[in-house]
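Enquirer: Pasting the sequence and the predicted model now:
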Amino acid sequence: QPRSRGLGDVYKRQRLLSSCRRGYFKYLYLCTLNHKIRKIRRKETIRVLFAVAESATWKNDSLYRAMLMHPGFTPLILVLPDEQKEESLKREGVDTCFDFFHNKGYTCSYPYENGKLINIRKALNPDIIFYQKPYTYYPESFLYRRNLNALFCYTNYAFHSLLADWANKNDFFQLVWQNYYENESAFTDLKRKYPEAASNIVVTGLPITDLFLNENHEDRWKKTDEKYKRIIWAPHFSISDGGCLNYSTFLSIAEEILDFVKTTSLPVQMAFKPHPLLKSQLYDYSSWGKEKTDWYYSEWEKQPNTQLEIGEYVDLFMTSDAMIHDCGSFTIEYHHTLKPVMYLINGKEHTGMMNSFAKEAYALHYKGADIQDIRHFIENIVLGGSDYLLEKRKAFFESYLVPPHQQSAAENMIQSILGTGHYAE
């Protein structure tokens, strides 16, 4: 017994020492921040690393391309292993993500070399790092707290819709030099509730909007009768009880919606666009598991009027006719299309955490809870043309989704980093 207490004391001292060490380096980082900014802005070429774990939530394509064309930047990409995922899916995710960027011709680094994780500072030497997500689900050596030699900039992987502690009180945000926001409304709401988190916010628009506003979009849909309406179903991953997110309606609707699209005589085709984490969650869920999950996903690939979509989705959205979903980020993003959209509700209230502009986006959804509601939406709104929310969606788009200063979000962000143009200091 005394020995176990002794080991416990050692563990506590180690944790305290580790916490003090992190606190010291954080203090040092913040003290030297202005010096680093001046130094980077004087450089002939700024090395910018995008640390990415998922191709499906890669939202910085327009920024990467703009930096690639700009003489003052050298953009790079590093694939991060996502330790939330089951082991086989983690390695599969790394390979899929690396192939995605490699096929685009982007400068992309694999996270392993000779079976070991690479050293970001030695191998890539970035001046600025954009982490795809602000969480710590990645190997320790890849986390921001181990790479304080660089500056951090951040574009949220989703629109800023939630005024919740878990979404805004984050150690990483305290160290970010520039945190980019989509509009003044979201910034104002944040500043009102979390004033301490608002000091590094820059309103530029988000790069994902640049992709939506691009006039050229690839048709990713299966070839069917031209009269068929194209509908996306995008379920969230939060199938387990508890946690801060409880959006998902997947378990209650999955089998019925697959049966519907298999047997319907309505002129529709559907794309199954699951959240990237849903498959891993289903693998671990007692009544599903790997075999049933793999079968279910494959069924969406097999039917003549269905398809599975697990990667980028901007082109899919912009060439669709409607969407059905229960995801937080898509609540705002799909409004770029101006097409009708249904939100599936699971009986749990979650709009209470939303900021004002997200609540407006949610109000512009048709609501549903079961397969009968889905059928009604498809028959009357999508096929029948009774889309009474269209004009309100157009007004929302103009008010909230168009980047400021009559230029792209990527151009705004580059000016902000350099301290020029509309963002001159």
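Expert: Sure, I can see it. Numbers count the residues shown, from 1 in each chain.
Enquirer: in this structure, which ranges drop under the pLDDT threshold?
Expert: Within the chain, the stretches with pLDDT under 70 are 1-25, 241-246.
Enquirer: what separates stretch 385-405 from the chain centre, distance-wise?
Expert: The chain centre lies 22 Å from the centre of stretch 385-405; the measure is CA atoms, centre = their mean, to the nearest Å.
Enquirer: What of stretch 74-82?
Expert: Distance, centroid of stretch 74-82 to centroid of chain: 15 Å (CA atoms, centre = their mean).
Enquirer: Ok, stretch 138-150 next?
Expert: Offset of stretch 138-150 from its chain centre (CA atoms, centre = their mean): 20 Å.
Enquirer: Do a quick rundown of the helices in the stretch 151-300 of the chain.
Expert: 165-168, 171-175, 184-193, 207-213, 250-263, 278-283, 289-302 (DSSP state H, counting those that start in this stretch).
Enquirer: Hmm, I typed the wrong one, I wanted the stretch 1-150 of the chain.
Expert: In the stretch 1-150 of the chain, the helices defined using DSSP H, counting those that start in this stretch lie at 2-31, 33-42, 61-69, 87-104, 120-123.
Enquirer: Quick one: list the elements packing against the fourth one.
Expert: The reference is to helix 87-104. Judged by 3 or more CB pairs under 8 Å, 6 or more residues apart in numbering; DSSP states H and E, the packing partners of helix 87-104 are strand 73-79, strand 108-109, helix 278-283. C-beta: built from backbone N, CA, C; applies to glycine.
Enquirer: any residues touching the last one, and which ones?
Expert: It stands for helix 278-283. 84-86, 89, 235-240, 250, 288-290, 292-293, 296-297 (CB atoms under 8 Å, 6 or more residues apart in numbering).
Enquirer: can you check the shortest one too?
Expert: In this structure, residues lying in contact with strand 108-109 by CB under 8 Å, 6+ apart are Leu76, Ile77, Leu78, Val79, Phe98, Phe101, His102, Ile118, Ala123, Leu124.
Enquirer: Show me how to select, in PyMOL, the buried members of these.
Expert: Selecting the buried subset of these in PyMOL, with 16 or more other CB atoms under 10 Å as the burial test, is done by:
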select buried, resi 76+77+78+79+98+101+118+124
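Enquirer: Switch the contacts of strand 108-109 over to TSV; also include distance to Asp225.
Expert: Output for the contacts of strand 108-109, formatted as TSV (distance: CB to CB, whole Å):
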residue	distance to Asp225
Leu76	45
Ile77	40
Leu78	44
Val79	39
Phe98	37
Phe101	35
His102	36
Ile118	50
Ala123	51
Leu124	49
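Enquirer: Relative to Glu379, which of the contacts of strand 108-109 is nearest.
Expert: Nearest to Glu379 among those, counting by CB to CB, is Phe101 at 41.2 Å.
Enquirer: Spell out which residues sit in contact with the residue nearest the centre of the chain, please.
Expert: Closest to where the C-alpha atoms of the chain average out (CA atoms, centre = their mean) is Tyr157, at 3.0 Å. Shown in contact with Tyr157 (CB under 8 Å, 6+ apart): Thr57, Lys59, Gln132, Lys133, Ser329.
Enquirer: Please repeat the previous calculation with a cut-off of 7 Å.
Expert: Shown in contact with Tyr157 (CB atoms under 7 Å, 6 or more residues apart in numbering): Thr57, Lys59, Gln132, Lys133.
Enquirer: May I have the phi/psi pair for it?
Expert: Here is the backbone geometry of Tyr157 (degrees, to the nearest 10): phi -70, psi -10.
Enquirer: Now for the nearest residue to it once chain neighbours are set aside, how many residues are close by?
Expert: Excluding the flanking residues, the one nearest Tyr157 by CB to CB, 6 or more residues apart in numbering is Thr57, at 4.6 Å. By other CB atoms under 10 Å, the residues close to Thr57 number 17.
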